[in-house]
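>>> Quick one, fold the following:
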Amino acid sequence: MRYHSDRELFSPSDVNLAQRKEAIEFLEHHPDIQFVDLLLTDMNGIVRGKRVERDSLEKVYSKGVSLPISIYGMTIKGLPVEETGLGLEIGESDASCYPVPGSLSMQPWQKRPIAQLLMSMYENSQTPMFADPRMVLQRVLRQFKERGLTPVSAFELEFYLLEQGDSEGLPHPPVSQLTGKRPEATQVYSLDDLDEHAELLNDIIDAARQQNIPADTIVAESAPGQFEINLKHTPDAMASCDHAVLLKRVIKNVAHQHDLETTFMAKPYPDQAGNGMHLHISVLDDEGRNIFAPTEGNKPTETLGHAVGGLLTLMQDYMAILCPNVNAYRRFSPEFYVPCATSWGIENRTTALRVPAGPKEATRIEHRVAGADANPYLMMAALLSSILYGIDNRLAPPEPITGNAYDKTEPNLPTNLRDALRLLKASAPIRQYLGHDFIDVFITCKEKELQEFEQHITQLEYDWYLHTF
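Numbering: from 1, shown residues only. Now for the predicted structure:
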């Protein structure tokens, strides 16, 4: 695969010259800082980067920092996939990374004073790196801007608290600090379950606020040790994704301070609910009006219908982005409220797309399919692309489903990663919006992971077959 990219978007120098004082003022306000972690989010949604001394921060703003392009051509294990053309084929070369303005903050969980700074990669001062997930999303957001439209969005993230140190690497919910027993069940929205880990959950919210992450509410979910944190709605889709990525980092590191671990793995327990990541989206016009809001009779508008139509029409195509790992497809089961079909409804949590009830100015679409292991930037890019596709092509949705959608729809979403990758590979609309080069690299990396997974012989295979034949 030849390494090249689409030539578009803005020059990083346009941002950095105006933002250099951000570094100076931050260092003056935090004179004890020793290091700064420079953060890139790879294709898997994993944060990578490097740590620099405080004296290097101004140089990072003015001249950037070099990091390997191969960061965007790796498997979930962090191994380079040479078939992407981002490694040895181009001499394991570097590209320049520049700061994301406004993302500089302290890491409250560190023992020493260490800051962090989000970065984006560029091939040169004029060309964004096509495989950087932030740049993939920026490509889509430019099309919204050209139409005078602004997406408003918010993520909801589910995760499990885990006990540390299982010798077999298996997950276990932590022993209760109140009863000394390991929980076997959880009541959804239970305040008692929040009290079990009140100190940890409060520390997570405090740490998030120190990093300007707009974490809102925490609820106990339907399994032992499972919780959900909601982020507040923001009219900046890129910032919304930044918040989701950084909140995961906060949750993991604050849990370590409490001698616990966390996981956003889509399905850590076979007999319990998986971890999902829901995304709420509305769209404002250039006068700040919600184009999804009903005008008369409180009925859905044509524009909302077209957006829903686009999301439903392309849902099978972008499934590999919502569920990018083998384990993600184990979530799908009606008993755990995971949609298995392309469906929508008004105030209906059994459908893939839900239009929540509420004030008309807050009318939005909640997308309920993705696992918590999805990359927020890529998920946002896929959903916003589908909304544009529906609006531009005036796609009419089917009638909204009332009642139990599991009883009224036949499952039609891909049930495994291989089928999902085939659909993504063949999708002309998703390729057009997200970029051919990016889609090719994404699929190449995921096919490499899938090949290794399928070559692994599981214990269950030995149990079933070793002495049977």
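>>> Local confidence estimate at residue 9?
We have a pLDDT of 43 for residue 9.
>>> no no, residue 418
97.
>>> shouldn't it be in contact with residue 451?
No. Under the criterion of C-beta atoms under 8 Å, residue 418 makes no contact with residue 451, lying 9.9 Å away. For the C-beta atoms, the positions are set from N, CA and C on the backbone; glycine is no exception.
>>> higher neighbour count, the two?
Using other C-beta atoms under 10 Å as the criterion, residue 418 and residue 451 rank with residue 418 on top: 16 against 10.
>>> Quick one: residues contacting that one.
Residue 418 makes contact with residue 450, according to C-beta atoms under 8 Å, 6 or more residues apart in numbering.
>>> how many neighbours does residue 250 have?
When neighbours are defined as other C-beta under 10 Å, residue 250 has 24 of them.
>>> Spell out which helix or strand contains it, please.
Using DSSP states H and E, residue 250 falls within helix 237-257.
>>> from the chain's centre, how far out does that helix sit?
10 Å (C-alpha atoms, centre = their mean, to the nearest Å).
>>> Do me a favour and average the pLDDT over that helix.
Taken as a whole, helix 237-257 has a mean pLDDT of 96.
>>> ok, and what's touching it?
Residues outside helix 237-257 that contact it (C-beta under 8 Å, 6+ apart) are 41, 45, 47, 100, 103, 107, 109, 118, 134, 137-138, 141, 151, 153-155, 157, 159, 161, 200, 203-204, 207-208, 211, 213-215, 229, 231, 234, 261-262, 264, 277, 376-377, 380, 384.
>>> Can you list the buried residues in that helix?
237-255 (16 or more other C-beta atoms under 10 Å).
>>> For stretch 318-338, measure first residue to last.
17 Å (C-alpha to C-alpha, to the nearest Å).
>>> What's the mean pLDDT across that stretch?
92.
>>> buried residues in it?
Neighbour-count burial for stretch 318-338, counted by 16+ other C-beta under 10 Å, picks out 318-332, 338.
>>> Closest to the centroid, which residue in this protein?
Centroid check for the chain by C-alpha atoms, centre = their mean gives residue 376 as the closest residue, at 2.0 Å.
>>> So it sits against residue 277, correct?
Yes. Counting by C-beta under 8 Å, residue 277 is a contact partner of residue 376 at 7.4 Å.
>>> joint contacts of these two?
Jointly contacting residue 376 and residue 277 under the rule C-beta under 8 Å, 6+ apart are 155, 244.
>>> where along the stretch 351-469 of the chain do the strands fall?
Using DSSP state E, counting those that start in this stretch, the strands of the stretch 351-469 of the chain run over 353-355, 365-367.
>>> Within its sheet, name the partner strands of the first one and how each one runs.
What it means is strand 353-355. Next to strand 353-355 in the sheet, as set by DSSP bridges, lie strand 344-346 (parallel), strand 365-367 (antiparallel).
>>> Out of those strands, which is the most enclosed?
Highest mean neighbour count among the strands paired with strand 353-355 (mean count of other C-beta atoms under 10 Å): strand 365-367, with a mean of 22.
>>> Average pLDDT for it, rounded please.
Here strand 365-367 scores 98 as its mean pLDDT.
>>> list the contacts for residue 417?
Counting by C-beta under 8 Å, 6+ apart, residue 417 touches 320, 323, 324, 325, 326, 328, 329, 446, 450.
>>> no wait, residue 387
Residues in contact with residue 387 (C-beta under 8 Å, 6+ apart) are 151, 281, 283, 307, 310, 311, 365.
>>> cutoff 7 Å now
307, 310, 311 (C-beta atoms under 7 Å, 6 or more residues apart in numbering).
>>> So for the last one, what pLDDT did the model give?
The predicted local confidence for residue 311 comes out at a pLDDT of 98.
>>> Next: residue 164.
Reading off the model, residue 164 has pLDDT 79.
>>> ditto for the one 4 residues further on
Reported pLDDT at residue 168 in the predicted model: 70.
>>> Is it in a helix, a strand, or coil?
Assigned with DSSP: H, G, I helix; E, B strand; the rest coil, residue 168 falls in the coil class.
>>> which other helices and strands contact the lengthiest strand in the chain?
Criterion DSSP state E: the longest strand present in the chain is strand 150-163. Counting by 3 or more C-beta pairs under 7 Å, 6 or more residues apart in numbering; DSSP states H and E, the packing neighbours recorded for strand 150-163 are strand 226-231, helix 237-257, strand 260-263, strand 277-284, helix 376-392.
>>> could those go into JSON lines alongside distance to residue 55?
Shown next, in JSON lines, are the helices and strands packed on strand 150-163 (distance: least, C-beta to C-beta, whole Å):
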{"stretch": "strand 226-231", "distance to residue 55": "34"}
{"stretch": "helix 237-257", "distance to residue 55": "25"}
{"stretch": "strand 260-263", "distance to residue 55": "34"}
{"stretch": "strand 277-284", "distance to residue 55": "38"}
{"stretch": "helix 376-392", "distance to residue 55": "31"}
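>>> out of the strands of the stretch 351-469 of the chain, nearest to residue 31?
Taking C-beta to C-beta, strand 365-367 is the member of these nearest to residue 31, at 44.2 Å.
>>> So what touches that closest one?
Applying C-beta under 7 Å, 6+ apart, the contact partners of strand 365-367 are 278, 279, 280, 281, 307, 308, 311, 353, 354, 355, 356, 383.
>>> Quick check: residue 42 touching residue 74?
Yes. Look at residue 42 against residue 74 with C-beta atoms under 7 Å: they come within range, at 6.3 Å.
>>> before we move on, the earlier item: narrow the contacts of helix 237-257 to those that are buried.
The buried subset of the contacts of helix 237-257 (16+ other C-beta under 10 Å) comprises 41, 45, 47, 100, 103, 107, 109, 118, 134, 137-138, 141, 151, 153-155, 157, 159, 161, 200, 203-204, 207-208, 211, 213-215, 229, 231, 234, 261-262, 264, 277, 376-377, 380, 384.
>>> picking that back up, how about the helices and strands packed on strand 150-163, which one is nearest residue 431?
helix 376-392 (10.1 Å).
>>> buried ones in that closest one?
Applying 16+ other C-beta under 10 Å to helix 376-392 flags 376-391 as buried.
>>> Let me know the closest of these to residue 433.
Nearest to residue 433, judged by C-beta to C-beta, of those is residue 385 at 3.6 Å.
>>> Need the nearest residue in space to that closest one, chain neighbours excluded.
Distances taken as C-beta to C-beta, 6 or more residues apart in numbering put residue 433 closest to residue 385, at 3.6 Å, once the chain neighbours are dropped.
>>> Quick check, pLDDT for the one you found.
Each residue has a pLDDT score; the one for residue 433 is 97.
>>> wait, isn't it in contact with residue 142?
No. Using C-beta under 7 Å as the test, residue 433 is too far from residue 142 to be in contact (10.8 Å).
>>> Could you check which of the two has the larger neighbour count?
Ranked by neighbour count (other C-beta under 10 Å), residue 433 and residue 142 place residue 433 first, with 22 against 13.
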